[in-house]
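Visitor: build me a structure from this.
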Amino acid sequence: MNLIYSMLRLKPNLIILFVINLLGTIYGYYWYRFQLENTPGWLKVVVPDSPTASMFFCIVLIFLIVKKHNGLIEALAYVSLMKYGIWAVIMNGMVLYLNSGLDKTAYLLIFSHGAMAIQAALFAPFFKVKKWHLGVASIWVLQDLIFDYVFGTMPEYYMLSDYKIWIALLTFWLTIFVILIAYYQLIVKKRARH
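Guide: Residues are numbered from 1 along each chain as shown. Predicted coordinates:
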């Protein structure tokens with residue numbers, strides 16, 4: 001594992017990851033284009049969950065490339081990468097089960113969103129997150145539940161809107177799980193090392 005962490009710290013690898021994540025972020029905002037067109041005013045800001053998560057991670061990578069840290073952005077990147085990465089994999093699994101198949105784009109989404117969660121876990125040891133950073137990030141991902149399931153900004157994808165109530169419940173508990181994992185990985189483990 002130490003070899004992996006050493007390789008992740010290398011500037012050329014950070015730059016490659018930045019480019020990959022930037023392209024994914026751009027594609028993510030493009031993927032939401034139709035939903036964004038149909039979303040009124042300021043609610044547009046809270047529609048593209050996954051691209052915003054990968055945008056936070058792009059900012060983290062820029063900081064790491066220049067050997068700096070921003071604990072708030074690191075906390076936002078961690079919790080949102082984990083939440084939306086895991087969520088998208090689960091939702092695509094649900095569509096696969098209900099539809100007995102997926103198209104190529106859905107498999108790409110499973111791979112890319114799974115990679116988001118993996119990146120969060122791999123980069124967590126480099127982050128310098130304080131409790132208040134995690135508190136703000138937790139509020140960010142919790143308030144998104146209200147936007148998605150009360151204001152209706154949940155991603156429009158296959159037949160998922162037919163299961164909105166169950167998905168809201170699952171997403172609430174997923175969010176709580178991610179916050180607890182973040183607290184353990186970003187705060188408790190760090191404290192134990194020092």
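
Visitor: tell me where the chain has helices.
Guide: 2-9, 11-31, 33-37, 49-65, 71-99, 104-123, 131-149, 164-182, 189-193 (DSSP state H).

Visitor: for the fifth one, which helices and strands make contact with it?
Guide: Pointing back at helix 71-99 there. helix 49-65, helix 104-123, helix 131-149, helix 164-182 (3 or more CB pairs under 8 Å, 6 or more residues apart in numbering; DSSP states H and E). No exception for glycine: its C-beta is placed from N, CA and C like everyone else's.

Visitor: angle of that helix against helix 49-65?
Guide: Per axes from the mean of the first three to the mean of the last three CA atoms, to 10 degrees, the angle that helix 71-99 makes with helix 49-65 is 140 degrees.

Visitor: check the second one too.
Guide: Interaxial angle of helix 11-31 relative to helix 49-65 (the same axes, to 10 degrees): 160 degrees.

Visitor: ok, back up a step: ranking the helices and strands packed on helix 71-99 by burial, who's on top?
Guide: Using mean count of other CB atoms under 10 Å, the stretch among the helices and strands packed on helix 71-99 with the largest mean neighbour count is helix 49-65, at a mean of 22.

Visitor: from the chain's centroid, how far away is that helix?
Guide: Put simply, helix 49-65 sits 10 Å off its chain's centre (CA atoms, centre = their mean, to the nearest Å).

Visitor: what do you get for stretch 114-131?
Guide: Here stretch 114-131 is found 10 Å from its chain centre; the criterion is CA atoms, centre = their mean.

Visitor: what pLDDT, on average, does it get?
Guide: Mean pLDDT, stretch 114-131: 97.

Visitor: what do you get for stretch 140-148?
Guide: Per-residue pLDDT values over stretch 140-148 give a mean of 94.

Visitor: and the gap between the spatially most central residue of the chain and V95?
Guide: What sits nearest the mean C-alpha location of the chain, by CA atoms, centre = their mean, is L81, with 2.1 Å. Separation of L81 from V95 (CB to CB, to the nearest Å) stands at 21 Å.

Visitor: kindly report the same for K189.
Guide: For K189, the distance to V95 equals 35 Å [CB to CB].

Visitor: compare the two and say which is more crowded by neighbours.
Guide: Counted by other CB atoms under 10 Å, K189 and V95 do not tie: V95 has more neighbours, with 20 against 12.

Visitor: hmm, that one is touching T105, no?
Guide: No. If you go by CB atoms under 8 Å, V95 and T105 don't touch, sitting 11.3 Å apart.

Visitor: residues contacting K131?
Guide: I187 (CB atoms under 8 Å, 6 or more residues apart in numbering).

Visitor: from Y183, how far off is it?
Guide: 8 Å.

Visitor: over to H113?
Guide: Distance of H113 to Y183, computed by CB to CB: 22 Å.

Visitor: with P125 instead?
Guide: From P125 to Y183 the distance is 15 Å (CB to CB).
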